[in-house]
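Participant: predicted model and sequence below, questions to follow.
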Amino acid sequence: MKYSIRRQITAIFIALFVFVLGAVLIINNGFLGTYYLSHKTEDLIYTYNEIDSMLQEGSLTDLAVARGLLIRTERANIDLAVVDSSGEAQLSTLSKDDPRFIQMLSESLGQNINTKDILTQNDNFTVYRSTTQSVSGNTVEYLKMWGNFSDGSWFVMQSPLASIRESASLANRFLIYLGSVGILLGGLLIWLFSRRITQPLMQLTRLSQEMANLNFDARYNGGGRDEIGILGSNFNRMSEQLEKTISELKRANNQLQKDIEQKEKMEEMRSEFLGNVSHELKTPIALIQGYAEGLKEGVNDDPESREFYCDVIMDEAEKMNRMVKNLLTLNQLEFGDDEVQFERFDIVGLVRGVIASCEILIQQAGASVDFIADEKLCVWGDEFKTEQVVRNYLTNAIHHVENEKRIEIRIRHEDDIAHITVFNSGRPIPEEDIPKLWDKFYKVDKAHTREYGGNGIGLSIVKAIMESFRQKYGVRNFDNGVEFWFELDAKAENTSLH
């Protein structure tokens with residue numbers, strides 16, 4: 001990646017390291033000498049004050065004290081000579097026979113100090129810089145101090161400055177070598193360690209791409225409690241929320257699509273319903289109108305003809321009245337306006353009553369009815385609506401019974417379920433017509449249905465009632481006839497209706 005954060009972090013670290021190293025070298029070259037002079041001047045003044053205190057206390061003659069002082073001055077690289085007023089050396093870091101001792105005393109006593117070389121001065125001592133030719137012939141620069149103590153003795157102290165220059169130069173070379181190695185190793189370590197930062201970021205980048213492609217199954221699994229870990233957790237939570245929101249939007253969209261389809265379907269059903277009602281009413285209205293005009297114009301004056309005309313008018317009016325009532329019942333069932341009253345009742349007694357009320361129709365059809373059931377079986381349901389189902393099934397069987405003219409009604413009790421079947425001998429229903437039997441105004445044999453005054457609403461009412469019960473229903477074909485069936489809950493307690 002051209003603009004990789006990993007590269008940027010490594011480059012920033014190397015640049016910062018080089019800057020710090022350069023700054024150290026500049027400071028080392030520019031200020032180390034000044035700092036060293038200041039520090040050495042303080043050492044010389046401290047040594048002066050310490051020796052002066054010893055002279056005042058008379059402890060300088062103590063060998064232990066003198067040895068301790070000499071050790072400290074040696075560590076500080078200070079040459080020291082203290083001479084009393086008689087010219088005797090009281091204390092010296094150099095032996096009296098050492099040429100450096102003689103040179104140090106002679107140069108300090110006979111040297112004319114340049115004012116610009118003086119670093120600090122008071123009535124007791126002077127600290128200054130001096131360039132001296134050593135015994136070996138080399139030129140050496142010293143930081144020197146000479147003056148008087150409070151007891152009248154005088155002293156000379158000096159510390160070579162060449163060591164600081166060599167130390168600074170050596171330190172600079174060492175820093176360059178060390179800095180170069182540090183830049184290489186540090187850059188390599190930063191390159192490796194920055195992977196811990198860039199890897200989670202790359203994972204978050206891939207996660208964001210997956211989310212942009214609406215794939216919300218990807219999750220950040222880098223963990224951690226740092227800022228990247230918190231960001232990854234927020235990404236996961238955002239992914240879950242987006243998935244949930246999009247799912248809700250899809251559900252809302254699907255529901256909207258269903259509502260639109262339902263609205264279109266209802267509009268289609270309304271148009272079909274109006275067409276079917278208009279078609280169903282057109283024939284009886286035309287008959288009523290025709291026979292009424294015939295009566296009015298006195299087409300037949302004999303009483304029997306007038307009575308026939310009146311019977312036709314009344315019969316057609318009754319058919320229209322029955323159809324309107326069925327439509328109202330079906331409308332209440334389909335739109336939930338008719339509340340279902342669940343109660344426990346005897347289904348066997350209910351079927352016997354329906355058979356008895358249809359006895360005249362059974363005799364007119366020349367049919368026989370076999371009712372097979374126990375003495376009593378209590379079920380749960382709306383007794384009035386259940387009677388409508390049984391009556392619709394039975395009248396449908398009466399109108400379509402053929403061949404041996406046999407109708408069989410059977411009630412079976414299995415696993416807390418009551419199975420009620422109504423069979424009539426005759427022609428089986430064509431398989432392609434079975435799914436449409438429950439549609440409003442659908443008629444398999446329109447001529448035969450019209451013959452007995454049917455309007456194709458009865459089975460639609462059965463469907464609406466059974467669906468309001470949340471129970472099963474249906475039809476089965478046999479070689480010798482057709483069987484309509486439905487089920488009811490026969491449990492001792494009505495637990496399935498809640």
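Facilitator: Okay, I see it. Numbers count the residues shown, from 1 in each chain.
Participant: now the helices for this protein?
Facilitator: For the chain, applying DSSP state H gives helices covering 5-57, 63-75, 99-110, 162-193, 195-212, 227-297, 303-334, 347-357, 359-365, 383-400, 446-451, 458-469.
Participant: what is the first one packed up against?
Facilitator: On a contact count with 3 or more CB pairs under 8 Å, 6 or more residues apart in numbering; DSSP states H and E, helix 5-57 meets helix 63-75, strand 118-121, strand 125-133, strand 139-148, strand 154-160, helix 162-193, helix 195-212. C-beta: built from backbone N, CA, C; applies to glycine.
Participant: ok, which of these comes nearest Lys472?
Facilitator: Each of the helices and strands packed on helix 5-57 has some distance to Lys472 by CB to CB; the shortest is helix 195-212, at 46.5 Å.
Participant: can you pull the buried residues of the closest one?
Facilitator: Within helix 195-212, the residues scored as buried using 16 or more other CB atoms under 10 Å are Thr198, Pro200, Leu201, Met202, Gln203, Leu204, Leu207, Met211.
Participant: quick one: average pLDDT of that helix?
Facilitator: Average pLDDT, helix 195-212: 75.
Participant: same check on stretch 285-304?
Facilitator: Stretch 285-304 carries an average pLDDT of 72.
Participant: and the gap between Gly87 and Trp154?
Facilitator: With the distance defined as CB to CB, to the nearest Å, Gly87 ends up 10 Å from Trp154.
Participant: which one's more surrounded, the two?
Facilitator: Under the neighbour definition other CB atoms under 10 Å, Gly87 and Trp154 were set side by side, and Trp154 has more, 19 against 8.
Participant: re the thing from before, so what sits against both of Gly87 and Trp154?
Facilitator: By CB atoms under 8 Å, 6 or more residues apart in numbering, Gly87 and Trp154 have no common neighbours.
Participant: now do stretch 404-423: distance to the chain's middle.
Facilitator: Computed by CA atoms, centre = their mean, to the nearest Å, the chain-centroid distance of stretch 404-423 equals 56 Å.
Participant: repeat for stretch 12-23
Facilitator: Centroid displacement of stretch 12-23 relative to its chain, using CA atoms, centre = their mean, is 43 Å.
Participant: ditto for stretch 79-92
Facilitator: A distance of 89 Å separates the centroid of the chain from that of stretch 79-92, by CA atoms, centre = their mean.
Participant: swap in stretch 32-41?
Facilitator: Put simply, stretch 32-41 sits 65 Å off its chain's centre (CA atoms, centre = their mean).
Participant: could you find the closest non-adjacent residue to Ile190?
Facilitator: Leaving out its chain neighbours, the residue that sits closest to Ile190 by CB to CB, 6 or more residues apart in numbering is Phe13, at 4.5 Å.
Participant: what about that neighbour, distance to Trp154?
Facilitator: Separation of Phe13 from Trp154 (CB to CB): 58 Å.
Participant: kindly report the same for Asp479.
Facilitator: 148 Å.
Participant: now do Leu488
Facilitator: From Leu488 over to Trp154 (counting by CB to CB), the distance is 134 Å.
Participant: ok, Ala365 next?
Facilitator: In terms of CB to CB, Ala365 sits 158 Å off from Trp154.
Participant: check Glu432 too.
Facilitator: 139 Å.
Participant: contacting residues for Val24?
Facilitator: Contacts for Val24 (CB under 8 Å, 6+ apart) come out as Leu175.
Participant: per-residue confidence at it?
Facilitator: pLDDT recorded at Val24 is 78.
Participant: same question for Glu166.
Facilitator: If you check Glu166, the pLDDT there is 69.
Participant: what of Ala447?
Facilitator: Listed pLDDT for Ala447 reads 45.
Participant: nearest residue to Ile465 in space, please, no chain neighbours.
Facilitator: Nearest residue to Ile465, sequence neighbours excluded (CB to CB, 6+ apart): Lys385, at 4.7 Å.
Participant: oh, that last question was meant for Phe101, not what I typed.
Facilitator: Once flanking residues are discounted, Phe101 sits nearest to Leu94: 4.0 Å by CB to CB, 6+ apart.
Participant: check the spacing between that neighbour and Val82 real quick.
Facilitator: Distance of Leu94 to Val82, computed by CB to CB: 12 Å.
Participant: looking at the two, which is more packed in?
Facilitator: Between Leu94 and Val82, Val82 has the larger neighbour count (other CB under 10 Å), namely 22 against 17.
Participant: got the contact list for the closest residue to that one other than its chain neighbours?
Facilitator: Take Val82 and drop its neighbours on the chain: the residue closest to it by CB to CB, 6+ apart is Leu91, 4.2 Å away. By CB under 8 Å, 6+ apart, Leu91 lies in contact with Ile51, Leu60, Ala66, Leu69, Leu70, Leu80, Ala81, Val82.
Participant: out of those, which one has the lowest pLDDT?
Facilitator: Among the contacts of Leu91, Leu60 has the weakest pLDDT, 77.
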